[in-house]
Structure formats: structure tokens, C-alpha cells
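S.K.: Fold the stuff below for me.
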Amino acid sequence: MSNSIERLWNYTVILNIIILLSSFNLFSQDVEPRRWNSLPLGTNAIGGGYAFTFGDTNFDPILEAEDVTIEFNSFIVSYVRPFKLANKLARIDVLLPYTIAKWEGLLSGNPAKVKRNGLSDPRIRLSMNLIGSPPSGPKELQEYLVAHPINTTVGVSVAIRLPIGQYYDDKLLNLGDNQFKIVPQIGIVHNRGKWSYEFTASGIFYTKNNDFLNVNEKKQDPTLGLQAHIIRKFKPGYWASISSAYGLTGQSIINSEPISDERIDIIGSLAFGFPVAKMQGMKIAYFLSDTMTDIGANTNTFALGWSILFK
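M.R.: Purely as a prediction, here's the structure:
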């Protein structure tokens, strides 16, 4: 995009701000089956993943942006470590994403394109199971699961997304948000033989961005996220899930002026996991995201993940 077109974009946005970065940022709530599964003490998990997201984005008509499509190539590295906390099973996990993004469409009737390559905001999350299997090693955990084929886990967590992703204060479209996001969660899992039923509720709270589009101040009302999963286990290491999620994003406030840009989004997902070697597994997944408002993104995502558990 030329400098003159990009300046026009930014100036128009200042008049009628639309906080629409992408479906990637929408689900800070993390649509994630098997999120509350117990891990044995003394182990570590390292994972890597790739996701390809594509779709269309609808901006407010005043922006004169039409037929806008997006393509995201996301690469993720993760680390998980279970431990004992107050005689409960807890875990810490870290997620580091790198994104190659492209927005393309018409701006005031002229072809325009924006590309960004860089680090997105990483996440650190602390979780603890309040009810469920006791903290134990691999052998003891397996014995517990065999002795309790019907069991329930209740967990809580808090995650922080750090504002160190790529961010330009003179541009609307960025990979990072330049604000902390605090994400408390509560989840419940009921395991019944080969079937598991999960539900997770999330809230997302935002700090201020004091460098939004040329030294403007941006605040964001909280976001509510709900997700549910039905999981079927097959022979050891094989599983499949069907998931749904609901996101209600609060409005933005620019320089003390509410923008009334609330959004409602729904996601559906299918996932399949399988072993590839001892203590290693892979997951393939598909996500369909649809906005229920006139402003928002409709996207498809194909994802592939790998993980290894080791001492």
C-alpha cells in the first residue's frame, strides 16, 4: 500500500474507528479441546504448530474498504510444565507465536495490500485443578484413571498476553496489540469412559493502549468467551473432538469516546489427535469462524500441531 493510501486509511479510521484486527486476535480465548487434561508430575511438554487462516473481513462502509481478504500463516512454539501447588495439580504453559499476515482488497476503489511479518503477542498461563486427579507421577496417574473411568475435573487459570508483538503506532493493522490482556478462565470436564465433555468460560480484560494510531488513547471493554467440546477417545493415543465457541467482544473507547463496535463471533471446530512415536503425538484441526454482526471476519483455519512429553 502506498504512503498516501495508508495515510488516507488511518485518517478515515480516526473518524470512525473499527477495531478489527483479525479472527486470530478474536480468539484470545483459545478454542482448545483437552485443555484441562491432567499431566503427570516430573514431565515436560514441548509443542510446535502451524495454522493457515483465510477469509474475508467486513469494515464499516465509511472506510471505503471493500472485498478485503486476509491470509495468515501462523507458527507457534509452546512449553508446558506440570507441578504441585497447595497439594493440587497445576501447570504453567508458555506460547510463542510468529505470524505472516496479508490483507488485500479495494480502498476507495483502488487495489490495496498490507503485509506484516513478525512476532505476535506471546502468552503465559498458570492453571490449577481444584477438583480431579491428585498430583502424581505417570504410573500413579494411570492407575487413578483406570480406577476412576467416570470422573470430573474442575480447573481455574489466568493467562497474560504480553504486548511485545510487532506494533506500529501509526498503523491500524498490526500483529501485536500494544496492551496487556489478562484472561481468567474456569473449566469443567466430565469423563465417562471413552467420552469427555468440556466447558470453559473466559473473560478478557485489556489495559490501555496509549499509542494507538498517532498518540491516541484506546481502551477496550472486556470480552466474554464460552467454549464447549465433546471428545471421543479410541485406542490409546487416538481421539477426536467437535467444538463450538462464542465470543462477545466489548466496544472500543478512543480518547474517551465510545465507538459502539461490539462484535459477536461463533466458531466451530473439528480436531483429531494420534500418536506418531512413543510419548509423541500430532493433532490436525479445522476451525470455521463467522461473525454475527455487520463488521467482522469470516474465516477458515487449518491447523497442524506436534507435541512430545519427556522427563
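S.K.: For stretch 158-178, buried residues please.
M.R.: 159, 161, 163, 165-167, 171-178 (16 or more other CB atoms under 10 Å). Where you see a C-beta, it was placed from the backbone N, CA and C, and this is true even at glycine.
S.K.: Ends of it, what's the gap?
M.R.: End-to-end distance of stretch 158-178 (CA to CA, to the nearest Å): 19 Å.
S.K.: Now intersect the buried residues of stretch 158-178 with the strands, please.
M.R.: 159, 161 (DSSP state E).
S.K.: Just give me the closest of the buried residues of stretch 158-178 to residue 142.
M.R.: For the buried residues of stretch 158-178, the residue nearest residue 142 by CB to CB is residue 159; the value is 28.5 Å.
S.K.: ok, for the closest one, nearest residue in space, not its chain neighbours?
M.R.: Closest residue to residue 159 apart from its sequence neighbours, by CB to CB, 6 or more residues apart in numbering: residue 125 at 3.7 Å.
S.K.: most remote residue from this structure's center?
M.R.: Going by CA atoms, centre = their mean, the residue of the chain most distant from its centre is residue 147, 34.3 Å out.
S.K.: about what we covered before: any idea how many residues pack against the residue nearest to residue 159?
M.R.: 19 (other CB atoms under 10 Å).
S.K.: list the contacts for it?
M.R.: By CB atoms under 8 Å, 6 or more residues apart in numbering, the contact list for residue 125 reads 92-95, 157-160, 183.
S.K.: where does the stretch 201-311 of the chain have low pLDDT?
M.R.: Counting by pLDDT under 70, the stretch 201-311 of the chain shows no low-confidence range.
S.K.: where along it do the helices fall?
M.R.: With DSSP state H, counting those that start in this stretch, there are no helices along the stretch 201-311 of the chain.
S.K.: again, but for the stretch 51-200 of the chain
M.R.: For the stretch 51-200 of the chain, applying DSSP H, counting those that start in this stretch gives helices covering 138-147.
S.K.: How are the strands of the stretch 51-200 of the chain distributed by residue range?
M.R.: 65-85, 88-107, 110-119, 123-131, 150-161, 181-192, 195-206 (DSSP state E, counting those that start in this stretch).
S.K.: With distance to residue 85 and pLDDT as added columns, please give the buried residues of stretch 158-178 in TSV.
M.R.: Shown next, in TSV, are these (distance: CB to CB, whole Å; pLDDT from 0 to 100):
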residue	distance to residue 85	pLDDT
159	16	96
161	22	95
163	27	95
165	29	94
166	34	95
167	34	94
171	41	84
172	41	78
173	40	82
174	35	89
175	33	91
176	30	92
177	29	90
178	32	93
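S.K.: In this structure residue 211 contacts residue 176, no?
M.R.: No: with contact defined as CB atoms under 8 Å, residue 211 does not reach residue 176; the gap is 11.3 Å.
S.K.: overlap in contacts of these two?
M.R.: residue 167.
S.K.: Quick one: neighbours of the nearest residue to residue 98 once chain neighbours are set aside, just the number.
M.R.: Closest residue to residue 98 in three dimensions, ignoring its sequence neighbours and counting by CB to CB, 6+ apart: residue 75, at 4.7 Å. A count of neighbours around residue 75, defined by other CB under 10 Å, yields 14.
S.K.: was I right about residue 75 contacting residue 47?
M.R.: No: if you go by CB under 8 Å, residue 75 and residue 47 don't touch, sitting 11.7 Å apart.
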